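Enquirer: Provided below are the primary sequence and the corresponding predicted coordinates.
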Amino acid sequence: MKKILIFLLLIITSTIALSATTDSISTTYSDGVFTSQYRCKVIASEKTIDEVTDKLVNDFQNSTISLFDWALKDLGLQNEGNELIIILKSSNQDVKTGITHGLFDIVVPYFKTFSNVKVDAIVSKEKNNHGVTKVSASIIYSSLLLKNGLAVLYIIPQKNNELLFYSNVSIRFGWFFNIFITKKRYKSIVERRIKKFTENMRIECIKTEKIASKK
């Protein structure tokens, strides 16, 4: 029953994404939860998508710092940014549970640095029979930053080798950041990073596609 519900949810989400205008971002706020969606298109093959999403999951689980060279590039992390800076200090994956344990410093410039913030997350990838690729990152524990968070990237096949990238992110902040991150700040701090991450994935797909075409 659970699998059926998940499948139906995916189909409904995919249908909404297909009918929506691409290259757009929107955010809603309800009961302490920010929910954002971003859409953009890219021309790439199924093989390229598999390669790039596999790289994303593998780097997150085994070499998180490598993500700052491409998927997390220019997101205002690792000593970049001006309102909220998140610095990765270490990460390691528990192979048995699939949980990646991260240790961060979170800097609010001119106010305070929160050291050694623990964040546990699970990143996974799946593909359904309709060719829709789903990469999800679920925050299952955070000692300060978040109460919970879920980010899902759907990659949905279109006509003419075109793909729709649809990012759906839901975040409930911890007590301090729930006060600090107003709706206005969310737009510049979080919404911008969601858009940039999705665009970084698109850039990596285009790059990978060009390399493959030269072989």
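Expert: Here it is on my side, so go on.
Enquirer: quick one: buried residues of the strand or helix carrying Ile49?
Expert: Per DSSP states H and E, Ile49 falls inside helix 46-62. Neighbour-count burial for helix 46-62 flags 48-49, 51-53, 55-56, 59-61 (criterion: 16 or more other C-beta atoms under 10 Å). Quick note: C-beta positions are derived from backbone N, CA and C, even for glycine.
Enquirer: could you do stretch 104-113 as well?
Expert: So for stretch 104-113, counting by 16+ other C-beta under 10 Å, buried means 104, 106-107.
Enquirer: and which of the residues you listed is nearest to Ile211?
Expert: Nearest to Ile211 among these is Phe104, at 32.7 Å by C-beta to C-beta.
Enquirer: the closest one pairs with what?
Expert: Leu88, Val117 (DSSP bridges).
Enquirer: hang on, isn't it packed against Asp120?
Expert: No: using C-beta atoms under 8 Å, Phe104 is not in contact with Asp120, being 11.5 Å away.
Enquirer: report how many residues lie close to the closest residue in space to Lys47 that isn't next to it in sequence.
Expert: With C-beta to C-beta, 6 or more residues apart in numbering as the criterion, Lys47 has its nearest non-adjacent residue at 7.2 Å, and that residue is Ala212. Counted with other C-beta atoms under 10 Å, residues neighbouring Ala212 total 13.
Enquirer: got a list of what Ala212 touches?
Expert: Each residue near Ala212 by C-beta atoms under 8 Å, 6 or more residues apart in numbering is listed here: 45, 47-48.
Enquirer: any chance of these in CSV, plus pLDDT?
Expert: Listed next are these as CSV, based on pLDDT from 0 to 100:
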residue, pLDDT
Ser45, 89
Lys47, 91
Thr48, 93
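Enquirer: bridged to the residue positioned nearest the centre of the chain, which residues?
Expert: Closest residue to the average C-alpha location of the chain: Ala151 at 4.9 Å, with C-alpha atoms, centre = their mean. In this entry, Ala151 is beta-bridged to Ala137, Val169, by DSSP bridges.
Enquirer: now do the contacts for it.
Expert: By C-beta under 8 Å, 6+ apart, Ala151 lies in contact with 136-138, 167-170, 194.
Enquirer: next: Thr53.
Expert: So Thr53 contacts 125, 133, 135, 155 (C-beta under 8 Å, 6+ apart).
Enquirer: residues near the third one, how many?
Expert: Residues lying near Val135 (other C-beta under 10 Å) number 23.
Enquirer: just checking, it touches Val57?
Expert: Yes: between Val135 and Val57 a contact is recorded at 6.7 Å, counting by C-beta under 8 Å.
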